[in-house]
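1. here is a sequence with its predicted model. Questions after.
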Amino acid sequence: MRAFGRAPVRAWARTRTRAQARTRAQARTRALAAALVVAGLLAGGCGADPSAAPGASPSDPAGSGGPSAPAAAAASGAAGASGATPLEPLPAAVPAALAPYYAQRLAWQPCDSGFECTTFRVPLDYDHPGDGDLTLAAARAAAEASSSPPASPGARIGSLLLNPGGPGGSAVEYLEAAARTYDHGVRARYDLVGLDPRGVGRSSPVSCLSGDRMDAYTAVDLTPGDQHGIDALIAADKEFAEGCRKQAGAALGHLGTVEGARDMDVLRALLGDEKLNYVGKSYGTFLGATYAGLFPSRVGRLVLDGAMDPALDSVTGNRTQAGGFETAWAAFARDCATHEDCPLGRTEQQVGEQLTALLEGVRAAALPTTEGGRRLTGSQATTGVIQAMYADFLWPKLRAALADAKAGDGTALLKLSDDYYGREADGSYPNLMFANTAVNCLDLPAPFRGPEDVQRAVPEFERVSPHFGRDMAWMALTCAYWPVRATGTAHTIRAAGAAPIVVIGTTRDPATPYAWARSLADQLESGRLLTFDGDGHTAYGRHSTCVDGAVNRFLLTGEAPEQGKRCDR
């Protein structure tokens, strides 16, 4: 799910499912160079579960010229949210200054994962290519049917780029799990390709804080009740921002989604594909939709699962996301009340009331844990609950963690919070949260300019989400202290002339509310809305053979589902 402000409540196809956890363990035993961020992130959350997952011609590269992203938005004919202007496509011709990037040759080498890896260069600033380059990393799992004659039924179709969300999720690491779990037909006919976006994973990654400072950052009270608490929160946000500035340098101003989409077009050309085939989850839907808006003639078969709405300003995005988590909590509460081991009551109302009391108690007095002397704070307890909203298979784990917390032991809730942030057993953190904030603070102007703005917004956040609204309002303060100005604004995406684009929305998705999918599908001229009536974040490869069948058929044949198709379990 996309984090509109502070890292918690990120927008990432929470794909850490049990299968990913298994893959992560296997990766460690094979001594992978980097931890499997996708698995580490989610014991089931802001992304789709790969275990749940089903699965330009280089001589004529197109569409990488023209003004940088946001500057391409025109002021007329805006649809959707008030004030949102449409994202206009870039010119089809590649400017001479960018031609060398499109003319690179990829040198694939064996990866530790058993697949192939490569790197390539992109300009730090597309408007000023002479200002330096970034090096991006990609990995590929070759199509199993790659040796078939080109015209044969079942022959290789091309490359299928994947993005698990975030922003900040490593597609290179995600590929390792996805290649083992995607639908066999898709796996056989596509080269699955994971590209770590700029600033993420192995692509010139941004870094901000050491592990111990991140521990402190995640523990800071997100519901300050006095000036002392407000000052502590501001100090933590400023320390995070300054750490990013010092360690990332000039790159910090060039990690936005538009630039990431332009990078994908360079890779598309280098792969030899005339059109981009793509599966993006959570924030990956925003990245994919942005690509479609910039390069509509280069759209192949795009699947956008757990869709974001680019027309929302950051305040509205944070507030509606809070409502999404409240919807997911209500579903959990109803379910919890039916189980004997539910520690919070026997009705939905009792469960909600006792959660509020429990969180207030932890805010007043942090709970001891068995995690090296660390204590569970109120903000970490809330994050632990949020983590479990991403996937219903985590609900039993949350029931047990809440029971322990009621008994005075915060260990299990702290572990859920650590899972959310991707904290490793050695106390280190992956790049995900640093990249998450860096991208979000560039893509949209800060939702709040200071604590006074947050305080004025809290009542409306709490109205939409009694359990999470206050926390999520304060989470959004981070970008107020970001060291570089936002380069993006809220905009609609029409992608006129693009091939059909499948947009998937889950009715009780906590991180990317269903209304966002409806809005994006309406904005896209060729959008086809596919609805999954269910719980959890994202749908493809998670619960529904109906969803999986429709998506796999689209990827393999180009036949998009009929507009408005609905699926359930």
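-> Alright, I've got the coordinates.
2. beta partners of the residue nearest to P129 when sequence neighbours are not counted?
-> Excluding its sequence neighbours, the residue lying closest to P129 (CB to CB, 6 or more residues apart in numbering) is P123, at 4.1 Å. Using the backbone N, CA and C atoms, a C-beta is placed for each residue, glycine as well. The bridge-partner assignment for P123, based on DSSP bridges, gives D133.
3. P123: what's it in contact with?
-> P123 makes contact with 98, 101, 129, 131-134 under the criterion CB atoms under 8 Å, 6 or more residues apart in numbering.
4. buried members of those residues into PyMOL, please.
-> Only the buried members of the contacts of P123 enter the following PyMOL selection, criterion being 16 or more other CB atoms under 10 Å:
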select buried, resi 98+101+129+134
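5. just curious, which of the contacts of P123 is nearest to A241?
-> L134 (20.9 Å; CB to CB).
6. residue contacts, the closest one?
-> L134 touches 121-124, 198, 203-204, 251, 254, counting by CB under 8 Å, 6+ apart.
7. buried ones among the residues you listed?
-> Counted by 16+ other CB under 10 Å, the contacts of L134 give 122-124, 198, 203-204, 251, 254 as buried.
8. could you give the mean pLDDT of the strand or helix carrying L413?
-> Assessed by DSSP states H and E, L413 sits inside helix 411-421. For helix 411-421, the mean per-residue pLDDT is 97.
9. likewise stretch 463-483?
-> pLDDT averaged over stretch 463-483 gives 96.
10. how far does that stretch sit from its chain's centre?
-> 18 Å (CA atoms, centre = their mean, to the nearest Å).
11. list the buried residues for it?
-> Under the neighbour-count criterion of 16+ other CB under 10 Å, stretch 463-483 has 464-465, 467-482 buried.
12. in helices, which of those residues fall?
-> 464, 469-475 (DSSP state H).
13. can I get those in a markdown table with distance to L442?
-> Formatted as a markdown table, those follow (distance: CB to CB, whole Å):
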| residue | distance to L442 |
| --- | --- |
| V464 | 26 |
| G469 | 25 |
| R470 | 26 |
| D471 | 24 |
| M472 | 20 |
| A473 | 21 |
| W474 | 21 |
| M475 | 17 |
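14. which of the buried ones among the contacts of L134 sits closest to E116?
-> S203 (16.2 Å).
15. hang on, that closest one packs against A137?
-> Yes: between S203 and A137 there is a contact under CB atoms under 8 Å: 5.0 Å.
16. just so I have it, where are all the helices in the stretch 351-500 of the chain?
-> Assigned by DSSP state H, counting those that start in this stretch, the helices in the stretch 351-500 of the chain fall at 378-388, 395-406, 411-421, 432-443, 451-464, 469-475.
17. F554 is nearest to which of the ones you listed?
-> It's helix 432-443; of those, that one is closest to F554 (CB to CB) at 27.8 Å.
18. CA atoms only for the closest one - export them in PDB, please.
-> Extracted in PDB, the C-alpha atoms of helix 432-443 (Å, rounded to 0.1, in the frame of the first residue of the first chain):
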ATOM      1  CA  LEU A 432      12.300  -0.300   1.900                       C
ATOM      2  CA  MET A 433      11.200   2.400   4.400                       C
ATOM      3  CA  PHE A 434      13.900   4.800   3.300                       C
ATOM      4  CA  ALA A 435      12.900   4.600  -0.300                       C
ATOM      5  CA  ASN A 436       9.200   4.600   0.700                       C
ATOM      6  CA  THR A 437       9.400   8.000   2.300                       C
ATOM      7  CA  ALA A 438      11.700   9.400  -0.300                       C
ATOM      8  CA  VAL A 439       9.400   8.500  -3.200                       C
ATOM      9  CA  ASN A 440       6.200   9.600  -1.400                       C
ATOM     10  CA  CYS A 441       7.600  13.000  -0.400                       C
ATOM     11  CA  LEU A 442       8.600  13.700  -4.000                       C
ATOM     12  CA  ASP A 443       5.400  12.500  -5.600                       C
END
